[in-house]
Structure formats: structure tokens, C-alpha cells
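> I'll drop the sequence and a predicted model, then ask my questions.
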Amino acid sequence: MVKLKKTVAVNLEKLKKYREANGYSISDIAVMLGYKTPTGYWLLEKGNRQCSIDVLYMLAELYKCDMKDMLIPIEE
């Protein structure tokens, strides 16, 4: 039996790249995700706030990509 273990994190550079490539501002995404202020999403994109699976899923749907496209393996 193979033991699988991989640690991943949200690729913050890709979040910004997808947002800009789709012509959205931080304020646009904040509204779409239901944040009260743009700062809520800005903190996420800067790495100062954890990205939930729900938010990652909504972003993947918005950008028409797979959730795993927004992840990056990290060293343990």
C-alpha cells in the first residue's frame, strides 16, 4: 500500500494573476465572495488570512479552473 502525503498551500501569486487576467479588482472579488469590505479579500490575497475551501471553490468556479490549479506543494 502506498502512503500518500502532500502538504499544499494556496498559491497567492496565482490568485492575483487569475484576478487580474479576468479583469477584476480586489473590490470586485470581495463583493462576489460576500466580504463586507475589500480589505477582507485583500488580506487573503496577501497571505494574512487563511483561504477556506469554500472560498477556493468559489474562486475556481469564477475563474473556470480546477481548485488544484490554485495550490502549490510546500516542503514540510
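Cool, the structure landed.
> which stretches of the protein have low pLDDT?
4-5, 76 (pLDDT under 70).
> got the buried residues for the helix or strand hosting I72?
Using DSSP states H and E, the element containing I72 is strand 71-73. By 16 or more other Cβ atoms under 10 Å, the buried positions in strand 71-73 come out as L71. (Each C-beta comes from the backbone N, C-alpha and C, glycine too.)
> distance of K3 relative to I72?
The gap separating K3 from I72 is 22 Å, by Cβ to Cβ, to the nearest Å.
> ok, now Y57?
17 Å.
> surely W42 and I26 touch.
Yes - assessed by Cβ atoms under 8 Å, W42 is found in contact with I26 at 5.1 Å.
> identify the contacts common to those two.
Residues touching both W42 and I26 (Cβ atoms under 8 Å, 6 or more residues apart in numbering): none.
> what bridges to L71?
V10 (DSSP bridges).
> hang on, it packs against V8?
Yes - using Cβ under 8 Å, L71 is in contact with V8, at 4.3 Å.
> check which helix or strand covers the residue nearest to R49 when sequence neighbours are not counted.
Take R49 and drop its neighbours on the chain: the residue closest to it by Cβ to Cβ, 6 or more residues apart in numbering is L43, 4.1 Å away. Under the criterion DSSP H and E, the helix or strand holding L43 is helix 38-45.
> the residue nearest to G47 when sequence neighbours are not counted: what's it in contact with?
Of all residues not flanking G47 in the chain, L12 sits nearest, at 5.2 Å (Cβ to Cβ, 6+ apart). L12 makes contact with 45-47, according to Cβ under 8 Å, 6+ apart.
> save those as CSV, and put in neighbour count and distance to Y35 too.
Below are the contacts of L12 laid out as CSV (neighbours: other Cβ atoms under 10 Å; distance: Cβ to Cβ, whole Å):
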residue, neighbour count, distance to Y35
E45, 18, 11
K46, 13, 14
G47, 12, 16
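> what ranges does this structure have for its strands?
Applying DSSP state E to the chain gives strands spanning 8-10, 71-73.
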